[in-house]
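Trainee: build me a model:
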Amino acid sequence: MLPVGAYAPRWFMRNMHMDPEEAVLAFRDLGARIMVPMHWGTFWLFREPALEPIQRTRAAWAAVSRNHADLWDLAVGENHPFPR
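Mentor: Model (predicted):
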């Protein structure tokens, strides 16, 4: 699970929160098999639109040619039957 929200504005949040692209890079650096984006869309924490974090995460995931099945991009409030 990696946080992908509450990153805007970057000049202020950079030292506290990853943005979606940084989270995908962190996933790769960790050598993990599955990524579950978290910390987005539940509360209006900062300035990015509510769905922007997950949209940017999906785009960053595709940009590094990862299999979408390995991105558990759950909807707000959704759970997933483990294991996948």
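
Trainee: hey, where'd the strands end up in the protein?
Mentor: Applying DSSP state E to the chain gives strands spanning 2-3, 37-38.

Trainee: what strands line up against the first one, and which way round?
Mentor: It refers to strand 2-3. Sheet pairing of strand 2-3 (DSSP bridges) gives strand 37-38 (parallel).

Trainee: can you pull out the residues in contact with the partner strand?
Mentor: The contact list for strand 37-38 (Cβ atoms under 8 Å, 6 or more residues apart in numbering) reads 1-4, 20, 23, 53-54, 57, 71-74. C-beta coordinates here come from the backbone N, C-alpha and C atoms, glycine included.

Trainee: most neighbours, which of those residues?
Mentor: Of all these, V4 has the most neighbours under the rule other Cβ atoms under 10 Å, reaching 29 neighbours.

Trainee: residues touching that one, list them.
Mentor: By Cβ under 8 Å, 6+ apart, the contact list for V4 reads M18, D19, P20, A23, P37, M38, H39, W40, P53, I54, R56, T57.

Trainee: just the helices in the protein please.
Mentor: Ranges of helices in the chain, per DSSP state H, are 10-13, 20-30, 52-63.

Trainee: mind putting these into TSV with mean pLDDT and distance to E78?
Mentor: TSV is the format used below for these (pLDDT from 0 to 100; distance: least, Cβ to Cβ, whole Å):
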stretch	mean pLDDT	distance to E78
helix 10-13	90	26
helix 20-30	97	18
helix 52-63	96	11
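
Trainee: good, wrapping up.
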